[in-house]
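[1] Sequence first, then the predicted structure:
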Amino acid sequence: MSRLFRICVPATSANIGPGFDVVGLSLSLHLNLSVTVPAPSDAPYQPPTITYSGEGADEVPLDAYKNLTTRVALYVLRCNNIAHFPSHLILHASNEIPFGRGLGSSGAAVIAGVLLGNELGQLNLPTERLLDFALMVERHPDNVTAALAGGFVGSYLKELDDEASEAASVPLSEVLPEYPPNAGADWGLSPPVPPLGIGHYVRFGWAPSIKAVAIIPRFELSTARAREVLPTMYSRKDLVFNLQRLAVLTTALAQSPPDPELIYEAMKDRVHQPYRKALIPGLPEVTSRITPATHPGLLGICLSGAGPTILALATGGFDAIAEDARAIFREQGIEIDWKVLDVVGGSTVERDP
Ligand SMILES: Nc1ncnc2c1ncn2[C@@H]1O[C@H](COP(=O)(O)OP(=O)(O)O)[C@@H](O)[C@H]1O
Ligand SMILES: N[C@@H](CCOP(=O)(O)O)C(=O)O
């Protein structure tokens, strides 16, 4: 019997201002994967066939040993003593999440890969273990946790003992080596198995009237590049500035009706946005000129993830917020697209009977 299943993973916006590497929000753009596992046969081994449509279709590798999602799936399988993809596997991805814009496309691809490995190997891993695998690949928990669990989520990484820290800090190239595409070839050493219970999370409340306006510049900024510009040390003043705001924000976004004055100030940040402004012309102007006073309905505005997308949380006035952001970006020679998004549930897997 062949098996068919579908995996659906949401986009995410991480940080929400002061919660750098801590909070994430799942949003209504999705990466969908349709998978067919043919019934076992005596035919010679054939590697997976991948087709892909939507965002990133012109740049994503269709070789299962190079594609992020399938490489992650193979990592999960190999950690569970399954050396190969099933023969003649067929995958189709259709993707709504733009690449390199700060909307969690790589986190979604990683979660899709973990869920794919879990389904292909029929491993029945619990959510906590799925998260461990994801955290071996995407080392900051905010996007992957929100993409897996859904909603407005806060997470931390557990302090590990020396042995577990070593296992969790191996370079990505060892976790996800590019394998030879020949099933008979030498597969090398076993991959590093994730320590147990690396990531922990909690879901906060979310006021149903709050929507997310994603203002998406038409250029890509890799998360790796946007992390390189961050300092390794912060002043106590800046740290306290962020902690105070994050503590207020996690509850303020659950209150109905939401309080714009409280939220606007609570979405300010001194840990990552000031350092990223050189990579995103127009960022300080957009976040300072669009306020609840000038734009009724606006609650707060920040960089989405590592950028360049700007996230405006609002209960109305979406057109004015986005069109004024468009005008400010245009002064810098940057064009944008924008979408009003809902906060959605986490990843799902549907199996055909
Ligand atoms: N659906 C996908 N399938 C395969 N690879 C993906 C997919 N989505 C994202 N990626 C990989 O992740 C990269 C973007 O990651 P990153 O720089 O972290 O930006 P983002 O903010 O979108 O997560 C893409 O260039 C691509 O290599
Ligand atoms: N906390 C991370 C989040 C990166 O999110 P992405 O959507 O840009 O991948 C960071 O700010 O670097």
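    Everything's here; your move. Treat the numbers as computed from the prediction; the structure is a model and nothing was measured. Ligands and ions are numbered 1, 2, ... in the order given.

[2] For whichever residue of the chain sits closest to ligand 2, give me the pLDDT.
    Nearest residue of the chain to ligand 2: residue 305, at 2.8 Å (CB to the nearest ligand atom). C-beta here means a position set from N, CA and C on the backbone, and glycine is covered the same way. We have a pLDDT of 98 for residue 305.

[3] Now it, what are its backbone angles?
    With angles defined as degrees, to the nearest 10, residue 305 sits at phi 50, psi -130.

[4] how about it, what does it touch?
    12, 13, 14, 15, 102, 103, 104, 142, 143, 223 (CB atoms under 8 Å, 6 or more residues apart in numbering).

[5] Stretch 65-83 near ligand 1 at all?
    Yes. Residues of stretch 65-83 contacting ligand 1 under CB under 6 Å from any ligand atom: 67, 68, 69.

[6] So which of those wins on neighbours?
    residue 69 (29 neighbours; other CB atoms under 10 Å).

[7] Over to that one: give its phi and psi.
    phi -60, psi -50.

[8] what's the closest non-adjacent residue to it?
    What sits nearest to residue 69 in space, not counting adjacent residues and going by CB to CB, 6 or more residues apart in numbering, is residue 113, at 4.2 Å.

[9] same deal with residue 312?
    Nearest to residue 312 is residue 213, by CB to CB, 6+ apart, at 4.1 Å.

[10] ok, that neighbour touching residue 318?
    Yes. The criterion here is CB atoms under 8 Å, and residue 213 meets it with residue 318 at 5.3 Å.

[11] what is in contact with the two at once?
    With CB under 8 Å, 6+ apart, residue 213 and residue 318 have common neighbours residue 340.

[12] who in the stretch 51-200 of the chain is up against ligand 1?
    56, 60, 67-69, 93, 95, 99-107, 109.

[13] Give me the three-state assignment for residue 9.
    Here residue 9 is strand, with the state taken from DSSP: H, G, I helix; E, B strand; the rest coil.

[14] brain fart, residue 307
    Residue 307 - assigned by three-state DSSP - is coil.

[15] before we move on, the earlier item: looking at the residues of stretch 65-83 next to ligand 1, spot the one nearest ligand 1.
    Closest to ligand 1, out of all of the residues of stretch 65-83 next to ligand 1 and judged by CB to the nearest ligand atom, is residue 68, at 3.7 Å.

[16] Now the phi/psi pair for the closest one, please.
    phi -60, psi -50.

[17] roughly how far apart are the closest residue to it other than its chain neighbours and residue 5?
    Nearest-residue entry for residue 68: residue 109, 4.5 Å, with adjacent residues in sequence omitted and distances by CB to CB, 6+ apart. Separation of residue 109 from residue 5 (CB to CB, to the nearest Å): 17 Å.

[18] more neighbours, these two?
    The neighbour comparison of residue 109 against residue 5 (other CB under 10 Å) goes to residue 109, with 27 against 17.

[19] could you dump the helix or strand containing that one to CSV, C-alpha only?
    Taking DSSP states H and E as the criterion, residue 109 maps to helix 105-120. What follows is helix 105-120, C-alpha atoms only, in CSV (Å, rounded to 0.1, in the frame of the first residue of the first chain):
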residue,chain,number,x,y,z
SER,A,105,11.0,30.6,5.8
SER,A,106,14.0,28.6,6.9
GLY,A,107,12.3,27.8,10.3
ALA,A,108,9.3,26.5,8.4
ALA,A,109,11.5,24.5,6.0
VAL,A,110,13.2,22.9,9.1
ILE,A,111,10.0,22.1,10.8
ALA,A,112,8.6,20.6,7.6
GLY,A,113,11.7,18.5,7.4
VAL,A,114,11.5,17.3,11.0
LEU,A,115,7.8,16.4,10.5
LEU,A,116,8.6,14.7,7.1
GLY,A,117,11.3,12.6,8.8
ASN,A,118,9.0,11.6,11.6
GLU,A,119,6.2,10.5,9.1
LEU,A,120,8.5,8.7,6.7
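
[20] thinking again about what came up before, of residue 213 and residue 318, which one has the most company?
    residue 213 (23 against 19).

[21] you'd agree that one is in a strand?
    Yes. Under three-state DSSP, residue 213 sits within a strand.

[22] Stretch 339-347: how far from the chain's middle?
    12 Å (CA atoms, centre = their mean, to the nearest Å).

[23] Buried residues of it, list them for me.
    Neighbour counts over stretch 339-347 (16 or more other CB atoms under 10 Å) mark 339, 341, 343, 344, 346, 347 as buried.

[24] Need the mean per-residue confidence for that stretch.
    98.

[25] quick one, strands of the stretch 1-150 of the chain?
    Secondary structure of the stretch 1-150 of the chain by DSSP state E, counting those that start in this stretch: the strands cover 3-14, 23-37, 49-54, 90-95.

[26] Kindly apply the preceding question to the stretch 201-350 of the chain instead.
    So, for the stretch 201-350 of the chain - with DSSP E, counting those that start in this stretch - the strands run 211-217, 298-303, 310-314, 336-341, 348-351.

[27] Nice, that's everything, thank you.
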